[in-house]
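Novice: When you get a sec, could you give me coordinates for this:
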Amino acid sequence: MKKRFLIDVNLPRFFSLWNTDEYIHQYDLDDELSDTEIWKYAKLENLTINY
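Specialist: Below you'll find the model as predicted:
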């Protein structure tokens with residue numbers, strides 16, 4: 001299944017709601033990305049950011 005949501009680094013990484021293939025946590029990308037880099041990645045991958 002394609003990722004649809006990007007979870008902000010300030011939210012818990014292990015939360016049952018987003019333990020599916022639709023979600024990716026920012027920590028899994030790089031927890032030190034700038035806000036601009038996060039937004040660019042989300043736009044490129046067509047992700048909704050949850051924060």
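Novice: quick one: the helices in this structure?
Specialist: 26-29, 35-45 (DSSP state H).
Novice: Quick check: buried residues in the first one?
Specialist: What it means is helix 26-29. Residues of helix 26-29 classed as buried: 26, 29 (neighbour count, 16 or more other C-beta atoms under 10 Å). Heads up, the C-betas are built off the backbone N, CA and C, glycines and all.
Novice: Report all helices and strands that that helix contacts.
Specialist: Contacts defined by 3 or more C-beta pairs under 8 Å, 6 or more residues apart in numbering; DSSP states H and E place helix 26-29 against strand 5-7.
Novice: hang on, the earlier thing: can you add distance to residue 19 and mean pLDDT and give the helices of the chain back as TSV?
Specialist: Shown next, in TSV, are those (distance: least, C-beta to C-beta, whole Å; pLDDT from 0 to 100):
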stretch	distance to residue 19	mean pLDDT
helix 26-29	12	87
helix 35-45	19	93
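Novice: now, of the ones you listed, which is deepest in the fold?
Specialist: Ranked by mean neighbour count, those are led by helix 26-29 with a mean of 16 (mean count of other C-beta atoms under 10 Å).
Novice: can you tell which of the helices of the chain is closest to residue 2?
Specialist: Within the helices of the chain, the stretch nearest residue 2 is helix 35-45; the backing value is 8.8 Å (C-beta to C-beta).
Novice: Can you list the neighbours in contact with the closest one?
Specialist: For helix 35-45, contacts defined as C-beta atoms under 8 Å, 6 or more residues apart in numbering pick out 3, 6, 26, 29, 33, 47, 48, 49.
Novice: Centre of the chain to it, how far?
Specialist: Taking C-alpha atoms, centre = their mean, to the nearest Å, one finds helix 35-45 lying 10 Å from the centre of the chain it belongs to.
Novice: Relative to residue 6, how far out is residue 51?
Specialist: The spacing between residue 51 and residue 6, counted by C-beta to C-beta, to the nearest Å, is 9 Å.
Novice: do residue 36 as well
Specialist: Distance from residue 36 to residue 6, by C-beta to C-beta: 14 Å.
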